[in-house]
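*Asks:* Generate a structure from the sequence data that follows.
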Amino acid sequence: MKSNILVVDDEPVARQSLTDILKLEGFVVSAVPNGQAAVEHVRTHAVDLMVVDLKMPGMDGLEVIQVVNQTSPETEIILLTAHGSIETAVQALRLRIHDYLLKPASPVQILASVKKGLSRRTSKSRVNAVATAAAESAQEVYTLKDGTMVDLSRRQIKFKSKVEHLTPAEGRLLRILMENEGKVFSHRELVLLVQGYDTSQREAPEILRPLVSRLRHKLEAFPSLSEKVVSVRGTGYLYEGGG
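*Replies:* The predicted structure is shown next:
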């Protein structure tokens with residue numbers, strides 16, 4: 001199935017040239033001249049990826065990204081700018097865009113970024129489908145052999161008189177691992193499932209490490225859980241059952 005791409009640029013020549021480059025690669029391409037039209041288009045059409053210019057009269061690229069992140073979070077976004085300021089790049093990356101290209105970007109650069117963004121979107125969809133399926137068949141309360149109770153809906157662990165409460169992120173992490181006992185999740189998959197955003201394989205372990213550390217610290221108080229969240233060197237984590 002062909003991917004749907006939206007080009008957003010107020011310069012007619014740039015808009016046409018981008019549209020032509022992408023159409024030649026076989027994509028279904030729509031183009032609009034301003035931010036407001038982009039937001040309307042995304043509200044009424046399925047858009048897999050969007051190439052948006054930063055500097056436009058009225059609603060600029062960053063404002064468009066903020067709205068699209070709310071209305072169509074699965075749409076991947078590439079920001080184009082002729083004003084390569086570090087401040088803008090940081091702001092854009094904070095909005096979880098896929099890429100940031102300086103104008104004039106070459107066709108090779110644009111196509112490489114688009115293809116990477118679309119493959120990232122496919123992998124995110126796959127992970128989200130796994131998460132949805134898991135949620136539908138979710139077990140809310142686990143009672144372990146020694147009587148320890150893990151209540152995932154309340155994010156609470158009880159053993160005799162000891163009660164420990166988990167934060168939402170800790171609860172999501174423990175749920176994912178317990179519901180998929182013995183399955184190794186990569187760092188990147190866990191960041192996506194727990195925190196809700198995609199990141200690089202290099203950054204993902206750094207993002208996860210403090211969260212796993214806090215969760216393990218809380219689990220230490222419960223003998224049947226203390227060694228269950230296991231690190232798989234260079235790959236990710238798994239929950240070892242049998243408790």
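*Asks:* What segments of the protein are helices?
*Replies:* 12-24, 35-44, 61-71, 86-94, 107-136, 168-179, 187-190, 204-219 (DSSP state H).
*Asks:* and the residue at minimal distance from the centre of the chain, what pLDDT?
*Replies:* In the chain, the residue lying closest to the centroid (Cα atoms, centre = their mean) is Tyr197, at 2.3 Å. Per-residue pLDDT puts Tyr197 at 73.
*Asks:* which residue packs closest to Thr75, ignoring adjacent ones?
*Replies:* Take Thr75 and drop its neighbours on the chain: the residue closest to it by Cβ to Cβ, 6 or more residues apart in numbering is Val47, 5.0 Å away. To be clear about C-beta, it is placed using only N, CA and C from the backbone, and glycine gets the same treatment.
*Asks:* Make sure that neighbour is actually in contact with Val8.
*Replies:* No - in this structure, Val47 is not within contact of Val8 by Cβ atoms under 8 Å, at 10.2 Å.
*Asks:* give me phi/psi at the residue nearest to Thr75?
*Replies:* phi -120, psi 120 (degrees, to the nearest 10).
*Asks:* mind checking how far it is from Gln91?
*Replies:* Val47 is 22 Å from Gln91, where distance means Cβ to Cβ, to the nearest Å.
*Asks:* Which one's more surrounded, those two?
*Replies:* Taking other Cβ atoms under 10 Å, Val47 and Gln91 do not tie; Val47 has more neighbours (22 against 15).
*Asks:* so what's that one up against?
*Replies:* Asn4, Ile5, Leu6, Ser30, His41, Ser72, Thr75 (Cβ atoms under 8 Å, 6 or more residues apart in numbering).
*Asks:* okay, now Thr71: neighbour count?
*Replies:* 10.
*Asks:* that older thread, list the residues that contact the closest residue to the residue nearest to the centre of the chain other than its chain neighbours.
*Replies:* Leaving aside its sequence neighbours, Tyr197 sits nearest to Arg96 (Cβ to Cβ, 6+ apart; 5.2 Å). Going by Cβ under 8 Å, 6+ apart, Arg96 touches Asn69, Tyr197, Asp198.
*Asks:* The first one touches Glu63, doesn't it?
*Replies:* No - Asn69 sits out of contact with Glu63 when judged by Cβ under 8 Å, with a separation of 10.9 Å.
*Asks:* Would you map out the domains in this protein?
*Replies:* 4-132, 168-239 (automatic domain parsing).
*Asks:* Make a markdown table from those domains and add distance to Arg154 to it.
*Replies:* Shown next, in a markdown table, are these (distance: least, Cβ to Cβ, whole Å):
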| stretch | distance to Arg154 |
| --- | --- |
| domain 4-132 | 20 |
| domain 168-239 | 9 |
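*Asks:* low-confidence ranges in this structure?
*Replies:* 1, 83-90, 92-94, 123-139, 242-243 (pLDDT under 70).
*Asks:* hmm, back to that, among the contacts of Val47, who's most crowded?
*Replies:* When neighbours are counted by other Cβ under 10 Å, Ile5 leads the contacts of Val47 with 26 neighbours.
*Asks:* All set, thanks.
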